[in-house]
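In: generate a structure from the sequence data that follows.
(chains A and B)
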There are 2 protein chains.
Amino acid sequence: MSTRARSLAVLALFFCLPALAAAPEARPPQGEYTPSGAQILSESKPGEWRRPDPEDLLVMRLPSGRVVLELDPAYAPLHVANIRTLVRERYFDGLAIVRVQDGFVAEWQDPEGVDGGDPHKLRSLGMAQATLPPEFTRPIASSLPWEKLPDGDVYAPEVGFSDDLPAARDPSRSETWLVHCYGTLAVGRDNPTDSGNGSDLYVAIGEAPRRLDRNLAVVGRVLEGMDKLSALPRGDGPMGFYARAQERTPILDVRVVADLPAAQRPNIEILRTDSLTFQRLLQAARDRHDAFYVTPPGKVDVCAVPVPVRGSRGRPLN
Amino acid sequence: MSTRARSLAVLALFFCLPALAAAPEARPPQGEYTPSGAQILSESKPGEWRRPDPEDLLVMRLPSGRVVLELDPAYAPLHVANIRTLVRERYFDGLAIVRVQDGFVAEWQDPEGVDGGDPHKLRSLGMAQATLPPEFTRPIASSLPWEKLPDGDVYAPEVGFSDDLPAARDPSRSETWLVHCYGTLAVGRDNPTDSGNGSDLYVAIGEAPRRLDRNLAVVGRVLEGMDKLSALPRGDGPMGFYARAQERTPILDVRVVADLPAAQRPNIEILRTDSLTFQRLLQAARDRHDAFYVTPPGKVDVCAVPVPVRGSRGRPLN
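Out: As a prediction, this is how the structure comes out:
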């Protein structure tokens, strides 16, 4: 697949710009229109893309294929370090996706830890910490990048992007946090705020669950394979837990990409949110007017323009 | 299943209030906490629920089960009338879900109308109209109910609820419209704004695609069986269209519920958004504080609290 075809496919999945039309019509000259996301991306410069640190990348293999996750140590350093420890101990290998609640989350953990499991059979956390101080927000600091989105937000005083992730700030409390959008990766916990340790992880698979912001530790996002989580059968028990063990999706293994041989490492680049190209994508989303869109939305929600990801395998990264 | 257990299950799916905890802990006395959604619903009065008009209800049968859709003739009367005509002509029977784009939409239409199809084999629309004036917005009118949500919105000057559906208003243009949230049902079209006729329908299955507001005709929502659409395999072609015909999900048939024998009619009630109970649900979502949630979100997005639906079959309606 050509680069152009690939970036079109990436855009179709990521940015959802194309019309809902079944049979595209002849389009009038493009000069009148907002440039398409595909066009904007095709004009990006190599330096606007970054390669994730292999220490921050996880590959989770499911029977249906791989899911690639990026961890952000800046916002939840203790949780991210604990997750790396767990992964390197092979803690997740052979565990399962135990919960898929429609419109909400897909979650994985030790099945012995859910209703019907045997707490005495819980897998050991090994060298990982069992409890961690909550890392639901961080103090605003100059070390944390911040590109404010001027469009406003229902939930937070300010929203924007930080470390190429959607984020929010409350200057009056000098707090900043990563927000829950579609594809966000975060740490499940029990009621005590220090009970999350990274052995229980979830990804948002529906409407952005913003009410979770500042109540759980966001640790990153899904870069590739989102559909491997979002299209799973929904759990039939309370809160989307599977009522029967055989309905769960097994996790074959999870690895830190830095530990993989070069040939097995995902070749992924992420568009920097401080790039001109990302600003152009945001502006095109606000101004959206083309042969299909007649009323531009005028604004963009912080979750509405997922940060583009591209690969080099000639196939779209969801 | 008891009524109480059922309403808990409904809430778990609809309102996502419960913690992400695997093993719920003993909770402190509830007096300190926001009442749960389940508790609020258990205190609702019968008159706060309405039974949808069987003329406005559709049952779409898929191999995996049924999807129940409610049409709202107030906002798109011509489109709704055309859809009813198509259904009564058995237009949809044997067609297919041709597109599932991750994080965006599931869409169904005549497969001959998509890329690779044969336009000469397109199914006849029969007595239905082939083109319709766009019904993307309506003039604000006293006949359209309106409960304004004071929490604000990124996209619209005002948001709220109308006909128990999420909606928006722009008083400066005297326009109102139904907005795209998770589970919204709307009419696909080609580029010309009058090219939608209801033979091509889609449901939002990911992040609320608010950029579609005022660009397409919203005709209703999914009341039951959302997971039958949201958990479908994603299409592997551009824009989530299936590349191969055999990957499509066949539509067994679609019926207007008024045409079904009484025993086959879904027994569904919808909470009225002008009810005290719905106001209490919104307030509890804003104030959310319990043994799990430590930081209340303070606000609710218009798409964040799906209007509750309940059945009488002892099972949750997603």
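
In: neighbours of A:K148, how many?
Out: 12 (other CB atoms under 10 Å in any protein chain shown). Every residue, glycine included, has its C-beta placed from N, CA and C.

In: from memory it sits against A:E158, does it?
Out: Yes - judged on CB atoms under 8 Å, A:K148 makes contact with A:E158 at a distance of 5.9 Å.

In: give me the common contacts of the two.
Out: Here A:K148 and A:E158 have A:R169 as joint contacts, going by CB atoms under 8 Å, 6 or more residues apart in numbering or on different chains.

In: and for A:A186, the neighbour number?
Out: A:A186 - counted by other CB under 10 Å - has 30 other residues nearby.

In: point me to the helix or strand that includes it.
Out: strand A:184-187 (DSSP states H and E).

In: does anything pack onto that strand? Which helices or strands?
Out: Strand A:184-187 makes packing contacts with strand A:201-204, strand A:217-224 when contacts are defined by 3 or more CB pairs under 8 Å, 6 or more residues apart in numbering or on different chains; DSSP states H and E.

In: strands paired with that strand, and their directions?
Out: strand A:201-204 (antiparallel), strand A:217-224 (antiparallel) (DSSP bridges).

In: for A:Y75, which non-adjacent residue is spatially closest?
Out: A:L178 (5.1 Å; CB to CB, 6 or more residues apart in numbering or on different chains).

In: which residues of the stretch 1-150 of chain A fall in strands?
Out: A:49-50, A:57-62, A:65-71, A:96-101, A:105-109, A:138-139, A:147-149 (DSSP state E, counting those that start in this stretch).

In: please report how far A:N197 lies from A:G117.
Out: Distance from A:N197 to A:G117, counting by CB to CB, to the nearest Å: 17 Å.

In: neighbour count: these two, which is higher?
Out: A:N197 (22 against 17).

In: the more buried one touches A:P133, doesn't it?
Out: No - A:N197 sits out of contact with A:P133 when judged by CB under 8 Å, with a separation of 10.9 Å.

In: nearest the geometric middle of chain A, what residue?
Out: A:R221 (2.4 Å; CA atoms, centre = their mean).

In: picking up where we left off before, so which of the strands of the stretch 1-150 of chain A is nearest B:L201?
Out: Closest to B:L201 of the strands of the stretch 1-150 of chain A is strand A:96-101 (CB to CB; 25.1 Å).

In: contacts for stretch A:163-171?
Out: Against stretch A:163-171 from outside (CB under 8 Å, 6+ apart): A:50, A:72, A:74-75, A:140, A:144-146, A:148, A:153, A:155-161, A:175-179, A:181, A:184, A:213, A:218, A:220-221, A:270-273, A:302-303, A:307.

In: where along chain A do the helices fall?
Out: Using DSSP state H, the helices of chain A run over A:3-14, A:37-42, A:77-88, A:226-230, A:276-287.

In: what does the stretch 51-200 of chain A have sitting close to chain B?
Out: Within the stretch 51-200 of chain A, the positions lying close to chain B (CB under 8 Å from any CB of the partner chain) are A:98, A:100-105, A:107, A:109, A:113-115, A:119, A:136, A:151-155, A:181-183, A:188-193, A:200.

In: ok, what's across the strand from the closest residue to A:P250 other than its chain neighbours?
Out: In this structure, A:P250 finds its nearest non-sequential neighbour in A:A96, 5.2 Å apart by CB to CB, 6+ apart. When assigned by DSSP bridges, A:A96 has beta-bridge partners A:Q109, A:P250.

In: test my guess that A:A96 contacts A:T249.
Out: Yes - A:A96 is within contact range of A:T249, at 6.1 Å (criterion: CB under 8 Å).

In: in the stretch 201-318 of chain A, which spans are strands?
Out: Using DSSP E, counting those that start in this stretch, strands in the stretch 201-318 of chain A cover A:201-204, A:217-224, A:249-250, A:253-256, A:268-271, A:309-311.

In: who are the packing partners of the shortest one?
Out: Yep, that's strand A:249-250 we're talking about. Looks like strand A:249-250 contacts strand A:96-101 (3+ CB pairs under 8 Å, 6+ apart).

In: which strands or helices does the strand it packs on pack on?
Out: strand A:105-109, strand A:249-250.

In: deepest of those strands, which one?
Out: strand A:105-109 (a mean of 25; mean count of other CB atoms under 10 Å in any protein chain shown).

In: could you pull up the mean pLDDT of that one?
Out: For strand A:105-109, mean pLDDT is 98.

In: between it and strand A:57-62, how many degrees?
Out: 90 degrees (axes from the mean of the first three to the mean of the last three CA atoms, to 10 degrees).

In: and strand A:105-109, C-alpha only, in PDB?
Out: Provided in PDB are the C-alpha atoms of strand A:105-109 (Å, rounded to 0.1, in the frame of the first residue of the first chain):
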ATOM      1  CA  VAL A 105     -14.400  -0.100  29.400                       C
ATOM      2  CA  ALA A 106     -12.500  -3.300  28.600                       C
ATOM      3  CA  GLU A 107     -10.500  -4.400  31.700                       C
ATOM      4  CA  TRP A 108      -8.000  -7.100  32.400                       C
ATOM      5  CA  GLN A 109      -6.600  -8.500  35.600                       C
END
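
In: residues in contact with it?
Out: Outside strand A:105-109, the residues that reach it (CB under 8 Å, 6+ apart) are A:92, A:95-100, A:188, A:199-206, A:209, A:229-230, A:232, A:240, A:251, B:20, B:22.

In: buried ones among the contacts of stretch A:163-171?
Out: Those of the contacts of stretch A:163-171 that meet the buried threshold are A:72, A:74-75, A:145-146, A:153, A:155-156, A:158-161, A:175-179, A:181, A:184, A:213, A:218, A:220-221, A:270-273, A:302-303, A:307, by 16 or more other CB atoms under 10 Å in any protein chain shown.
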